[in-house]
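>>> Structure of the sequence below:
(chains A and B)
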There are 2 protein chains.
Amino acid sequence: MSSEGRGRPRLEKPRRPGRTPRDEILDAAAELFTEHGYANTSTRRIADAVGMRQASLYHHFATKDDILDALLAGTVEAPLQLATELVAEGGPAVNQLYTLMVSDVAQLCRGTWNLGALYLLPELRVDRFAQFRRRRAELRERYRALAAAVIAEYGGPADADDLPFRLVESAINRRSDDGACPPEQPWISADGALRTLGYDGDFGALRAAAETRLALHAAVAT
Amino acid sequence: MSSEGRGRPRLEKPRRPGRTPRDEILDAAAELFTEHGYANTSTRRIADAVGMRQASLYHHFATKDDILDALLAGTVEAPLQLATELVAEGGPAVNQLYTLMVSDVAQLCRGTWNLGALYLLPELRVDRFAQFRRRRAELRERYRALAAAVIAEYGGPADADDLPFRLVESAINRRSDDGACPPEQPWISADGALRTLGYDGDFGALRAAAETRLALHAAVAT
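Down below sits the predicted model:
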């Protein structure tokens, strides 16, 4: 099995979703971290869940923290990339912010496991996770800058600029409470966030533009 | 020390905030749970932090889960009580909701430890915490009912009724990110939440009415 990389031979056939052993480890760890807790999950238990020797797991990830870091990075890198693209493409800030929020809520709701529920872990405060914390802070600043532009344009309340980021991430809490987001969650969150900024324009047009942009994005990504 | 209750004599003088050994245990546990993680904290470590024998701690709380349950209950019982009082007092739904939100955000921001950061723990899914989950769900339903009344009155979007509860709880996340809420957080959150419901009336009047009601409430409580 060439996809094994440097790992030892597998004990059995893959039993987790994922195209590679690395993806299978990430999926198993995401399940265990979100369902049983980070501190309660050992790398041994993750290896068992994948059907892999612990030594093989260590070929892919040296520590449990490395697995957590990879999972968390997955939740912020895509929206950061999209924010960069949207700003480069230009156009009204309200459209940029709306498209970013819709995409970000959709990804927080879509993953098999509710990884955002791990953001508040005290374990993330150590140096090992400094880069993740910095990247999430960058994403928050992207939101704030776009929100401030919308507030300025529509005469909204200046101190509301952190609320869109908060409403986007609150999809994590709704998902935790209800087991899933409602299908309309991206639009509910994005509409609500723009209203907190004093915007009360044509939500239908914003939605149509976001759908067009994100369909294009998805087409390019495949 | 009569305030010791049934516990054994203390090893040393109280070293934690709190009027009783029970309060000291809760304060120490809140610090350890939020700073080091629930799974990483033993009752032994809590007893050590209080300066109390582990056997004495067990006179107050039979299990670590009982301590967590008491801490979590403290975050939902006050807003539930206030919601009941506000509905009984009557008046416009928008005033009731605004006052509830301001008070609730203030208490989430005010506590020494950010207990709301524990809401997403997978450990809370077991039967032991069924009552806490039910009480928090009741609070959420109070928010939704008031939000639905505001939406109906001001012609807002029907599917926004869960957003005020989410914005209120997002003070937990802001506090976690920044180390504290800004002093204006209760008003920022409450204004933003009403805007998500389509309200754009006199926020100054709402704020004055909420301040009067909550000052009265505080005076009665003392």
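>>> separation between the spatially most central residue of chain A and residue A:69?
The centroid of chain A falls nearest to residue A:75 when counting by C-alpha atoms, centre = their mean (2.3 Å). The span separating residue A:75 from residue A:69 equals 11 Å under the rule C-beta to C-beta, to the nearest Å. In short, each C-beta sits where N, CA and C put it, glycine included.
>>> and residue A:84, what element?
helix A:64-89 (DSSP states H and E).
>>> who does that helix touch, helix- and strand-wise?
The elements that helix A:64-89 packs onto, with contact taken as 3 or more C-beta pairs under 8 Å, 6 or more residues apart in numbering or on different chains; DSSP states H and E, are helix A:21-36, helix A:43-50, helix A:93-110, helix A:130-154, helix A:203-221.
>>> Surely residue A:96 touches residue A:85?
No: Residue A:96 lies out of contact with residue A:85 (C-beta atoms under 8 Å); the separation is 9.6 Å.
>>> more neighbours, the two?
The residue with more neighbours, out of residue A:96 and residue A:85, is residue A:96; 24 against 15, by other C-beta atoms under 10 Å in any protein chain shown.
>>> Chain B contacts on chain A?
Residues of chain A lying close to chain B (C-beta under 8 Å from any C-beta of the partner chain) are A:34-40, A:117, A:119-123, A:137, A:140, A:157, A:159-160, A:162-163, A:166-167, A:169-170, A:172-174, A:176-177, A:182, A:184, A:188-189, A:191-193, A:195-196, A:198, A:200.
>>> Can you give the domain ranges for chain A?
A:2-62, A:66-221 (automatic domain parsing).
>>> Just the pLDDT at residue A:11, thanks.
With respect to pLDDT, residue A:11 scores 54.
>>> oh sorry, the question was meant for residue A:17
Predicted confidence (pLDDT) for residue A:17: 76.
>>> give the contact list for it.
Contacts for residue A:17 (C-beta atoms under 8 Å, 6 or more residues apart in numbering or on different chains) come out as A:23, A:24, A:27, A:112.
>>> would you turn those residues into CSV with neighbour count and pLDDT?
Formatted as CSV, the contacts of residue A:17 follow (neighbours: other C-beta atoms under 10 Å in any protein chain shown; pLDDT from 0 to 100):
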residue, neighbour count, pLDDT
A:23, 15, 95
A:24, 23, 96
A:27, 20, 97
A:112, 10, 94
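>>> Return the residues in contact with the nearest residue to residue A:69 once chain neighbours are set aside.
Among residues not flanking residue A:69 along the chain, residue A:132 sits closest, at 5.9 Å (C-beta to C-beta, 6 or more residues apart in numbering or on different chains). Going by C-beta under 8 Å, 6+ apart, residue A:132 touches A:69, A:72, A:73, A:76, A:124.
>>> how near is residue A:132 to chain B?
13 Å (C-beta to the nearest C-beta, to the nearest Å).
>>> where does chain A have low pLDDT?
Scanning chain A for pLDDT under 70 picks out the ranges A:1-15, A:216-222.
>>> one step back: tell me which of the contacts of residue A:17 is nearest to chain B?
Comparing the contacts of residue A:17 against chain B with C-beta to the nearest C-beta places residue A:112 closest, at 15.2 Å.
>>> Report the secondary structure state of that closest one.
Applying DSSP: H, G, I helix; E, B strand; the rest coil to residue A:112 yields a three-state assignment of coil.
>>> ok, residue A:27 touching residue A:19?
No: taking contacts as C-beta under 8 Å, residue A:27 lies outside contact range of residue A:19: 10.7 Å.
>>> Find the residue closest to residue A:118 in space, skipping its chain neighbours.
Spatial nearest neighbour of residue A:118, chain neighbours left out: residue A:33 (6.1 Å); criterion: C-beta to C-beta, 6+ apart.
>>> Next: residue A:128.
Leaving aside its sequence neighbours, residue A:128 sits nearest to residue A:65 (C-beta to C-beta, 6+ apart; 4.9 Å).
>>> again with residue A:189
That would be residue A:105: by C-beta to C-beta, 6+ apart, it lies 4.7 Å from residue A:189.
>>> Which among the domains of chain A is found nearest to residue B:128?
For the domains of chain A, proximity to residue B:128 was assessed by C-beta to C-beta; domain A:2-62 is nearest, at 14.7 Å.
>>> Show me how far the closest one is from its chain's centre.
Computed by C-alpha atoms, centre = their mean, to the nearest Å, the separation of domain A:2-62 from the middle of its chain amounts to 21 Å.
>>> these two touch, right, residue A:186 and residue A:107?
No: in this structure, residue A:186 is not within contact of residue A:107 by C-beta under 8 Å, at 9.3 Å.
>>> Between the two, which is the more surrounded one?
Per other C-beta under 10 Å, whichever of residue A:186 and residue A:107 has more neighbours is residue A:186, with 26 against 19.
>>> Thank you kindly, that will do.
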